[in-house]
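In: just the structure for this:
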Amino acid sequence: MNMLIFLPELALMTMALVLFFASLASWDFKRLYGLTLAMSATAVVCAVASWGQEGTLFFGAYRVDAFSQLFKIFITMGLFVVLAMGEGLSGIEKRLQPEYFFFVTVSSTGLVFLTSAVELITIFISLEVSSFALYVVIPFRKAGAQHREQMEAGIKYVLFGALSSGISLFGMSYVFGLAHTTYLSELATVVPGLLTSSPMLIVGLVMMLAGFFFKLAMFPMHFWAPDVYQGAANETAGFVATIPKAAAVALLIRFISLAGGVDLGDFNWILAAFAVFSMVLGNLSALVQEDVKRLLAYSSIAHAGYVMVALLCVNLLGFSTAIYYIAGYMMMNLACFYVVYHVGQDGENVTLDNLAGLYKRSPLLALVLAVGAFGMAGIPPTVGFFGKFFVFTAAIQKSLYALVIITVINAGISAFYYLKLVRAAYSPVKNPGETLTLGKPASLLGVALMAAILLVGIFPQFFMEVAEKAVGTLM
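Out: Numbers count the residues shown, from 1 in each chain. Coordinates of the predicted model:
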């Protein structure tokens, strides 16, 4: 076997194994943190090094191609940024910090498996590996004023996760019963024909997608997001808000591409309704939020709707746009959580009032927040602007005019609450509070996040070509 095709997975599994043994020992935190960062950086290098590799493993249930490798780069990079952002782990109890590193690595490993899984049982197991690690890590937070919130967040995430997994598995049983196979390549040949003759297949597919919608925080499996974001530690919320969404989009692209460009009829209408409900509910709910993490949770529900509009195009441009959009979303959301982490220095939640006068306390943090918020609002020249532009272009090409109008209206609504974040950070106050000091590594990370948001927005063509090459392996 060519070891390069399984290199990112081996790197993450080795990292998880080392961190497991480290959690049994009494290592100094700086030593443990340095080792964790070094191993996560190695995982990024391994993911990049394996780009271009192709092959199948485990009797065809695991496929390595340009599509899966691109998402592995996203996931490993996201893990590295989350770990680098959480320098000191101020929101996690000291005794649980080694376990925190271990469980987020296990979750990332499950997500990496998910991007290459091309068989229903393999997909389900990968989904559960990533979810079970997060079930454990969500309540990891310093006991304090938020103690009740973190317990509530942990319970809600487990309950909704178990519910979505059960529905998803039940849907898979319907699909298997009708198609007599669990392999996606074989499903691609029978699903388009069965959709017109067997309404139960539509029910099975919708139920199966529930587990993926849970990861994406998309209607109707979105209820957990606001409470979990608010109750989890800032570091954990940053992880949950970004990395699982990339894997969920990869999985949705694999499933929707099974149609091979054929109109899916009623199934398309169901997904379009979910997209509209996600956008409207997410944006309207975000307008009245004061807690920044809760605002970002409702924002993520709305962005899931935008991504679904791109996926509904069921063509090369639509899928490439979804990849570009989710990559940009990860950068912008990580920038916002980077600010939340450093403003809430003792691990506390951050409100809009806490952001008042931020430009005086830390000009860099205020600027990072402004760039991230402008990107989410879709203001040029950020990646968010071109992400939305490509969504509109792809939908217009497929004559999805009603969806385009609803998406444009929702993008306008979202600008209000994103710009509210910027206004809070740059509002003049008499007593802005203590100056927030950032170390050189933290400052460098903030600059890197801003540069990524702007550069990917200024030069979208290169990144769209990479996305098109990745999607080309599926079409």
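
In: can you map out the strands along this structure?
Out: Secondary structure of the chain by DSSP state E: the strands cover 55-57, 62-64.

In: how about Q461, what does it touch?
Out: Taking CB atoms under 8 Å, 6 or more residues apart in numbering, we find Q461 in contact with no residue. (C-beta placed from N, C-alpha, C; glycine too.)

In: to clarify, my last question referred to F385.
Out: By CB under 8 Å, 6+ apart, the contact list for F385 reads 375, 378-379, 457.

In: and the gap between it and G282?
Out: F385 sits 19 Å away from G282, going by CB to CB, to the nearest Å.

In: from the contacts of F385, which land in helices?
Out: 375, 457 (DSSP state H).

In: in ChimeraX, how would I select the buried members of the contacts of F385?
Out: Remark: buried members of the contacts of F385, expressed as a ChimeraX selection using 16 or more other CB atoms under 10 Å:
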select :375,378,379,457
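
In: would you format the contacts of F385 as CSV with distance to V81 included?
Out: Below are the contacts of F385 laid out as CSV (distance: CB to CB, whole Å):
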residue, distance to V81
G375, 15
G378, 22
I379, 22
G457, 18
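
In: between the contacts of F385, which is closest to F392?
Out: Among those, G378 lies closest to F392 (CB to CB), at 10.1 Å.

In: re the thing from before, okay, the strands of the chain, which one's buried deepest?
Out: strand 62-64 (a mean of 22; mean count of other CB atoms under 10 Å).

In: that one - contacts with which helices or strands?
Out: Judged by 3 or more CB pairs under 8 Å, 6 or more residues apart in numbering; DSSP states H and E, strand 62-64 is in contact with strand 55-57, helix 97-116.

In: coming back round to it: in TSV: the contacts of F385, plus pLDDT and distance to A162.
Out: Shown next, in TSV, are those (pLDDT from 0 to 100; distance: CB to CB, whole Å):
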residue	pLDDT	distance to A162
G375	93	34
G378	89	36
I379	91	40
G457	92	39
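
In: hmm, back to that, least confident of the strands of the chain, on average?
Out: When the strands of the chain are compared on mean pLDDT, strand 55-57 scores lowest, with a mean of 87.

In: sheet-wise, list the partners of that one with their directions.
Out: Strand pairing for strand 55-57, using DSSP bridges, gives strand 62-64 (antiparallel).

In: ok, residues contacting the strand it pairs with?
Out: Contacts for strand 62-64 (CB under 8 Å, 6+ apart): 5-6, 50, 53-57, 113, 116-119, 122.

In: got CSV for the residues you listed, with distance to A356 too?
Out: CSV is the format used below for the contacts of strand 62-64 (distance: CB to CB, whole Å):
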residue, distance to A356
I5, 51
F6, 50
S50, 46
Q53, 50
E54, 52
G55, 54
T56, 55
L57, 53
F113, 44
S116, 46
A117, 46
V118, 50
E119, 52
T122, 49
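
In: need the max-distance pair from those residues.
Out: Spatially, the most separated pair among the contacts of strand 62-64 is S50 and E119, at 20.8 Å (CB to CB).

In: phi first, then psi, for H180.
Out: The phi and psi values for H180, taken as degrees, to the nearest 10, are phi 60, psi 30.

In: ranges for the helices of the stretch 201-350 of the chain?
Out: 210-216, 225-231, 234-240, 243-256, 266-286, 292-311, 316-343 (DSSP state H, counting those that start in this stretch).

In: correct me, but V371 touches P381?
Out: No - using CB atoms under 8 Å, V371 makes no contact with P381, being 10.6 Å away.

In: what residues are shared contacts of these two?
Out: L454.

In: the two: which has the busier surroundings?
Out: Each of V371 and P381 has its neighbours counted (other CB atoms under 10 Å); V371 has more, 26 against 17.

In: what's the neighbour count on the nearest residue to the more buried one once chain neighbours are set aside?
Out: Spatial nearest neighbour of V371, excluding adjacent residues (CB to CB, 6 or more residues apart in numbering): M450 at 4.7 Å. By the measure other CB under 10 Å, the count of residues near M450 is 21.

In: for M450, what are its contacts?
Out: Contacts for M450 were tallied using CB under 8 Å, 6+ apart; they are 335, 367-368, 371.

In: and of the contacts of strand 62-64, the nearest to F267?
Out: Lowest distance from F267 to the contacts of strand 62-64 (CB to CB) belongs to V118, with 20.2 Å.

In: for M450, see how far away that closest one is.
Out: Distance from V118 to M450, by CB to CB: 37 Å.

In: next: F213.
Out: Here F213 is placed at a distance of 31 Å from M450 (CB to CB).

In: cool, and T242?
Out: Distance of T242 to M450, computed by CB to CB: 16 Å.
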